[in-house]
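Trainee: Just a sequence and a predicted model for now, questions to come.
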Amino acid sequence: MKIMPQKHTLFFSLVLVVAVSPLLSAGDTPDCTPADYKIVTTSLVAVQCKEEVPGTTGTGHLTLSDNPIPIGTATIIPYPHARQWLIVSLLSSNGATELLLPGKKYRLPFTLSPSHRTPPTPATIDISVDSTILVSPLDSVGTQTRFEFVSHLGYRQGPGDFCTLQTENFDRRLRSLSARCKLDTPIPPTITAESLPRLAPSPESIGSLFVTLNNDKNTQEIPYAVPGLLDVFGNLVKIDTKGQIAPGKAPASKDAADYYLNFNHSAATGSKPAWTLYGKVAPSLGGLHAGFQFKPLATADVGQNQITGIKYADTIDFGASVSRIFEFNGLLQGLLVSPGVTYETDKEFDRHNLMATPDLKFYFAHLYNPQRRRSLQKFARELQIAQCTVQPPIPNCTPIPWTVENSKPALWGYVFDMHIGAELGGALKDTTVKASVGNATQLLPSYKIARFVPVVHSVIEFQRFSIDESLTGRYLGVTENTVFESKDHSLHLLKVQGWRAYSVLTGAYNLDPTGRFALTVSYKNGFSPPQFRRINVVQTGITFKY
């Protein structure tokens, strides 16, 4: 019998540990980590998992949160076309027709099959049958502000297209605001697990009411009620006072904005005035599909009348992407995966580049704290103190009313994130480039594109001031062609390869409390595709974003 050498034995043991440890660690992880739930009827619930759970079924039992004795059984089936959702049908143990009752709290332990381990690890979700509603500002355009009223309880009936929102101030005086309402998914009195997906293809639409205000967009109010809005029990919905009607804050940066517009002006002695325009349109469209969100994309960095040493990038991009966020615990808290495709050209449309653009965006712990998030954290802490729920308890504490109106916004905030992406493709055809002045032309042969694109981005906010820096270190893995126009307007074919970095440093002062309009000073330095000519410019202008 041959004895294995000691160093080989050690190596084999390490390989075995590495191979088996994921299986051992997975054994303690349930197949579903509950993230959200929607109460459809007194015996029907939709449950969201952090994981994808298509094709799984399961069973469970229902108890009161303070009593472990089961009062009902649960049958679980997958939610079609919603890979993170399950449909839970409840059946009473004592023949009662209604299980989930208003004002009660329940606990639902359940297991799924097929499971990644034997026996399956049970998951548990706590269900509270209350009318607590989260009020989220969605956008603000012109004189209109749109909010979403989201509840765990489904809505049976809406107030109609033209509705009234009742609010109260800190002095508890009620007032009415005219609004337009849209109820996505009214729940009928009778519905089954089989008919639910046809009524609500996206479970997120259950318990969702969109309210658009036509006035008072800059006031902060406590939403009190929406007359005519009924929950699945047929009761009028009274909104919890933790919800706030406040003007929506603009995104912290142009990367986070769906719409972004920056207009700059430049001038110099002996030259015509020059202008530049950077615009971005990238709204989220439709619902989630397997956790991914679809976004079309159109960006432009163009201008007119270049001044010596002061230029614009002359880039226009059209494309689309799908993105999904993956959440983790530890140093890396989030990973945004965004594969996409982009058509890259310029203002003259004499470049025709088509590229695949995969991108990974990393969110690290404690590095994403813009003013808006820090203000919400500050208000939540103050609300705990005001309601005497802070830990450790305050001796002889008397609760006092407290709203956002009482809480001052955070003084400062910061953001730091990084991307790692690629641009892979090529020029679609040979083109002819014309000089901006005169009749000179130059043939631009087609070429391949293989770019590695790391990006480092940071934002510092202080009151209404902010500083935003975005550094793109683009590495050209293969040689690309470009055309350079000299001062005498002659054209020259150039080859570019290797690193071509591009930096944009922007200082801004917000003109309005929401941060949608700002005066900006930008310093741009480096090389930007597809022309890769040197940009070195200081520009002043005005920015709009939301």
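Mentor: Yep, it's here.
Trainee: ranges for the strands of the stretch 101-250 of the chain?
Mentor: Under the criterion DSSP state E, counting those that start in this stretch, strands of the stretch 101-250 of the chain are mapped to 105-113, 123-128, 133-141, 144-151, 155-157, 162-168, 174-183, 208-213, 222-231, 236-238.
Trainee: right, and the helix or strand after the last one?
Mentor: Same thing as strand 236-238. Note on strand 236-238: by DSSP states H and E, the next helix or strand toward the C-terminus is strand 259-266.
Trainee: Buried residues in that following strand, which are they?
Mentor: The neighbour-count check on strand 259-266 (16 or more other CB atoms under 10 Å) flags 259-264, 266 as buried. In this view, the C-beta of every residue, glycine as well, is placed from N, C-alpha and C.
Trainee: which secondary structure elements does it contact?
Mentor: strand 274-281, strand 517-527, strand 534-545 (3 or more CB pairs under 8 Å, 6 or more residues apart in numbering; DSSP states H and E).
Trainee: between the ones you listed, which one is nearest to residue 178?
Mentor: strand 517-527 (25.6 Å; CB to CB).
Trainee: partners of that closest one in the sheet?
Mentor: Each strand paired with strand 517-527, and its direction, by DSSP bridges: strand 491-510 (antiparallel), strand 534-545 (antiparallel).
Trainee: Hey, what's the angle from the last one to strand 274-281? Just curious.
Mentor: On the basis of axes from the mean of the first three to the mean of the last three CA atoms, to 10 degrees, strand 534-545 is oriented at 60 degrees to strand 274-281.
Trainee: Show me what counts as buried in strand 534-545.
Mentor: 535, 537, 539, 541, 543-545.
Trainee: ditto for the first one
Mentor: Applying a neighbour-count criterion of 16+ other CB under 10 Å, one finds 491, 496, 500, 502, 504, 506-508, 510 buried in strand 491-510.
Trainee: can you pull out the helices in the stretch 1-150 of the chain?
Mentor: Assigned by DSSP state H, counting those that start in this stretch, the stretch 1-150 of the chain shows helices spanning 6-26.
Trainee: quick one on the thing from earlier: could I get the helices and strands packed on strand 259-266 as CSV with distance to residue 101 and mean pLDDT?
Mentor: Output for the helices and strands packed on strand 259-266, formatted as CSV (distance: least, CB to CB, whole Å; pLDDT from 0 to 100):
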stretch, distance to residue 101, mean pLDDT
strand 274-281, 47, 78
strand 517-527, 49, 89
strand 534-545, 46, 83
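Trainee: Those strands into TSV, with extra columns for distance to residue 335?
Mentor: Putting those into TSV (distance: least, CB to CB, whole Å) gives the following:
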stretch	distance to residue 335
strand 274-281	23
strand 517-527	27
strand 534-545	25
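Trainee: mind showing which ranges of the stretch 151-300 of the chain have poor pLDDT?
Mentor: Under the criterion pLDDT under 70, the flagged ranges of the stretch 151-300 of the chain are 168-175, 214-223, 240-254, 256, 265-274, 286-288.
Trainee: Now do the contacts for residue 457.
Mentor: Neighbour list for residue 457: 253, 255, 415-419, 468-471 [criterion: CB atoms under 8 Å, 6 or more residues apart in numbering].
Trainee: Go ahead and confirm residue 123 touches residue 48.
Mentor: No. The criterion here is CB atoms under 8 Å, and residue 123 misses it with residue 48 at 11.8 Å.
Trainee: which neighbours do the two share?
Mentor: residue 34.
Trainee: from the contacts of residue 457, which is closest to residue 75?
Mentor: residue 417 (43.0 Å).
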